[in-house]
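Q: Okay, here's the prediction I keep looking at, along with the sequence it came from:
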Amino acid sequence: MASTTTTTAILDEAHVGPTDNVAYVVRCRSTGRRLLVDAAAEPDTLLALVDGTLDLVVTTHRHHDHVGALAAVVEATGARTAAGTADADDLPLPVQDRLEHGDVVRVGDVLLEVVHLRGHTPGSVALLLRDPDGPDHVFTGDSLFPGGVGNTNGDPERFTSLLDDVSVRLFDVLADDTVVHPGHGAPTTIGAERPHLAEWRARGW
């Protein structure tokens, strides 16, 4: 389990499930409040990661491999649930906070900006944690990975929508040292991926 410290938060992660899903915990340094990004699988692992205390679970998108532990984690902790509006009705339990582009999610003194990235699913969201004293961090679910955007099942309209949103809402506004925390596998940075945007558009995936 990796851990990163920012000005306002401690970021912990756990790789869970058969498809190397990454679940992230954002813990406020001043209050100890915790937010979980994607209760993907292995609820016991996630409950240990949050030390049994959790205020909110944000689901980046509706796919089954990102919600496998959601019901168990919420039942055990009483956490609120949040997801993008267009995906919320497809989650396995009621979503209390429906997220739109530009919303702000708060956990303790930590603020995370909601970035709607349309294409992998209609309601996919990323969460952006800005750090005035170090690199920003963005949790992208399955919308952005090292080497490309998320799967759009060969649909050119969905691919164009996702790449456009990623380009305008992430690459056009974030610094190169911004750390990208994807929903599977290893992290990357905006700077490492930026030179390949034209290549991704040309190849169509």
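A: That came through, no problem.

Q: now the helices for the protein?
A: With DSSP state H as the definition, the chain shows helices at residue ranges 43-49, 70-77, 85-88, 156-166, 190-193, 197-203.

Q: Of these, which is nearest residue 55?
A: Distance to residue 55, taken as C-beta to C-beta, is lowest for helix 70-77 among the helices of the chain, at 8.4 Å. For glycine as for every other residue, the C-beta is placed from the backbone atoms N, C-alpha and C.

Q: And the closest one, what does it pack against?
A: Applying 3 or more C-beta pairs under 8 Å, 6 or more residues apart in numbering; DSSP states H and E, we find helix 70-77 packed against helix 43-49, strand 56-59.

Q: Can you give me the buried ones in it?
A: Applying a neighbour-count criterion of 16 or more other C-beta atoms under 10 Å, the buried positions in helix 70-77 are 70, 72, 73, 74, 76, 77.

Q: From those, pick the one nearest residue 113.
A: Nearest to residue 113 among those is residue 70, at 22.5 Å by C-beta to C-beta.

Q: which residues does the spatially closest residue to the closest one that is not a sequence neighbour contact?
A: Counting by C-beta to C-beta, 6 or more residues apart in numbering, the nearest residue to residue 70 once its immediate chain neighbours are dropped is residue 39, at 4.2 Å. With contact set as C-beta atoms under 8 Å, 6 or more residues apart in numbering, residue 39 has these partners: 23, 46, 57, 59, 66, 67, 68, 69, 70, 72, 73, 74.

Q: Nearest to residue 197 among the residues you listed?
A: residue 66 (25.0 Å).

Q: thought the closest one was touching residue 40?
A: Yes: with the criterion set as C-beta atoms under 8 Å, residue 66 and residue 40 qualify as a contacting pair; they are 5.1 Å apart.

Q: and of the contacts of residue 39, the nearest to residue 177?
A: residue 23 (23.8 Å).

Q: Pairing partners for that closest one in the sheet, please.
A: Partner residues in beta bridges with residue 23: residue 14, with DSSP bridges as the criterion.

Q: Can you check the pLDDT for the closest residue to residue 191 other than its chain neighbours?
A: Using C-beta to C-beta, 6+ apart and skipping the chain neighbours, the partner closest in space to residue 191 is residue 176 (2.8 Å). Predicted confidence (pLDDT) at residue 176: the value is 98.

Q: low pLDDT regions in this protein?
A: Scanning the chain with the threshold set as pLDDT under 70 gives 1.

Q: residue nearest the centroid of it?
A: When the chain is reduced to its mean C-alpha position, the nearest residue by C-alpha atoms, centre = their mean turns out to be residue 139, at 3.5 Å.
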